[in-house]
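Chemist: Below is the structure, and that's it, no one-letter string:
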């Protein structure tokens with residue numbers, strides 16, 4: 001009720017209103033994670049999907065995969081390029097023709113792309129499976145990339 005900041009704890013550090021909507025949202029998010037089996041279960045799901053992507057995309061010789069071969073060494077991100085196809089064009093085709101959303105470009109990491117050798121070609125195409133991604137969606141992405149790669 002004063003326009004001066006309190007000078008004694010704990011009010012000194014906690015003056016004002018708490019972010020009640022944020023706290024409710026945090027609790028809901030944590031409850032959802034627990035309901036899915038916790039972080040380990042979500043990580044297993046992510047690794048399974050990444051393994052499916054890596055295995056499926058490796059069958060197309062004109063698809064170059066970047067990053068570790070083992071899903072345990074990755075997050076839920078798979079970066080790739082299709083020979084002869086600009087990453088932005090590949091992303092546009094996947095979106096417009098197959099309804100598959102991806103991200104293409106340098107991903108705010110031009111240094112990483114310089115190290116990979118993908119800087120001058122516009123970066124990579126990136127797929128990011130997560131907790132709401134299904135095995136069927138991964139299979140559809142593999143088939144679509146195979147199609148645009150000419151297989």
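Modeler: Yep, it's here. What you are looking at is a predicted structure, and each value in this text was computed from that prediction instead of being measured. Residues are numbered from 1 along each chain as shown.
Chemist: Tell me which stretches of this protein form helices.
Modeler: In the chain, helices defined by DSSP state H lie at 11-14, 20-35, 38-58, 87-98, 110-116, 135-148, listed in chain order.
Chemist: Can you name every helix or strand that the shortest one contacts?
Modeler: In terms of contacts (3 or more CB pairs under 8 Å, 6 or more residues apart in numbering; DSSP states H and E), helix 11-14 is packed against no helix or strand at all. Where C-beta positions appear, they are placed from N, C-alpha and C, glycine not excepted.
Chemist: tell me the contacts of the residue nearest the centre of the chain?
Modeler: The centroid of the chain falls nearest to residue 128 when counting by CA atoms, centre = their mean (3.1 Å). If a contact means CB atoms under 8 Å, 6 or more residues apart in numbering, then residue 128 has 76, 77, 78, 103 as its contacts.
Chemist: how about the third one, what does it touch?
Modeler: So that's residue 78. Neighbouring residues of residue 78 by CB under 8 Å, 6+ apart: 50, 53, 54, 57, 65, 67, 126, 127, 128, 129.
Chemist: Now the fourth one: closest residue in space that isn't a chain neighbour?
Modeler: What that stands for is residue 57. Nearest in space to residue 57, with sequence neighbours left out and distances taken as CB to CB, 6 or more residues apart in numbering, is residue 63 at 5.1 Å.
Chemist: ok now do the one you found, which residues does it touch?
Modeler: Taking CB under 8 Å, 6+ apart as the definition, contacts of residue 63 comprise 57, 80, 81, 82, 83, 145, 149.
Chemist: Could you identify the most distant pair in those?
Modeler: Taking every pair in those and measuring CB to CB, the maximum separation is 12.7 Å, between 57 and 83.
Chemist: So between these two, which is more surrounded?
Modeler: More crowded of residue 57 and residue 83, by other CB atoms under 10 Å: residue 57, with 21 against 11.
Chemist: wouldn't the more buried one be in contact with residue 142 here?
Modeler: Yes: shown here, residue 57 and residue 142 form a contact pair, counting by CB atoms under 8 Å, at 6.1 Å.
Chemist: Show the pLDDT at residue 119.
Modeler: Residue 119 is assigned a predicted lDDT (pLDDT) of 96.
Chemist: Could you give the number of residues near it?
Modeler: Neighbouring residues of residue 119 were enumerated by other CB under 10 Å; the total is 15.
Chemist: Now it. Nearest residue, chain neighbours left out?
Modeler: Nearest non-adjacent residue to residue 119, counting by CB to CB, 6+ apart: residue 113, 4.2 Å away.
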